[in-house]
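>>> Provide a 3D model corresponding to the input given below.
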Amino acid sequence: VQLQASGGGLVQAGGTMRLSCAVSGRTVSSAIMGWFRQAPGKEREFVARIRGTGGVTYYSESVKGRFSISRDNAKNTVYLQMDNLKLEDTAVYSCASAPIGGGYDYWGRGTLVTVSS
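Residues are numbered from 1 along each chain as shown. Take a look at the predicted model:
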């Protein structure tokens, strides 16, 4: 299983950005896909997830209402739409995959998102 995150870069506060996570070796519609982030000097934290069966989503309180996780089954890709970005959203964002009922067992390399004032 391989996960490839992309779409990071520099954006101004209040702006938008969309991250992509292309997956091979596991079907995103049959797994739990999550986004995590790690800010400089901080521990990695959960951002959002989407459950394979039914597509139920769940968000951390810090991003709820601003971020949206979705997937394209045909492309086997998961997205993280980030709106109204804040300085504190600056972090390396990584995608991860888990089998239904299991823990995250595959991780992609992160992509850096920098929010400037």
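
>>> Could you work out the end-to-end span of stretch 54-69 for me?
14 Å (CA to CA, to the nearest Å).

>>> next one: stretch 97-117
Stretch 97-117 has an end-to-end distance of 33 Å (CA to CA).

>>> what mean pLDDT does it have?
Mean per-residue pLDDT for stretch 97-117: 95.

>>> try stretch 69-86
On average, the pLDDT along stretch 69-86 is 97.

>>> what comes up buried for it?
By neighbour count on 16 or more other CB atoms under 10 Å, the buried set for stretch 69-86 is 69, 71, 76-80, 82, 85. Every residue, glycine included, has its C-beta placed from N, CA and C.

>>> Arg26: which of these is nearest?
Asn76 (8.3 Å; CB to CB).

>>> Test my guess that the closest one contacts Gly25.
No - counting by CB atoms under 8 Å, Asn76 sits too far from Gly25 to count as a contact (9.4 Å).

>>> re earlier: widest-spaced pair of the buried residues of stretch 69-86?
Among these, Asn76 and Leu85 lie farthest apart (CB to CB), at 26.5 Å.

>>> Provide the contact partners of stretch 14-23 at residue level.
With CB atoms under 8 Å, 6 or more residues apart in numbering as the test, stretch 14-23 has contacts from 1-9, 11, 33, 35, 75-85, 93, 95, 97, 108, 111, 113, 115.
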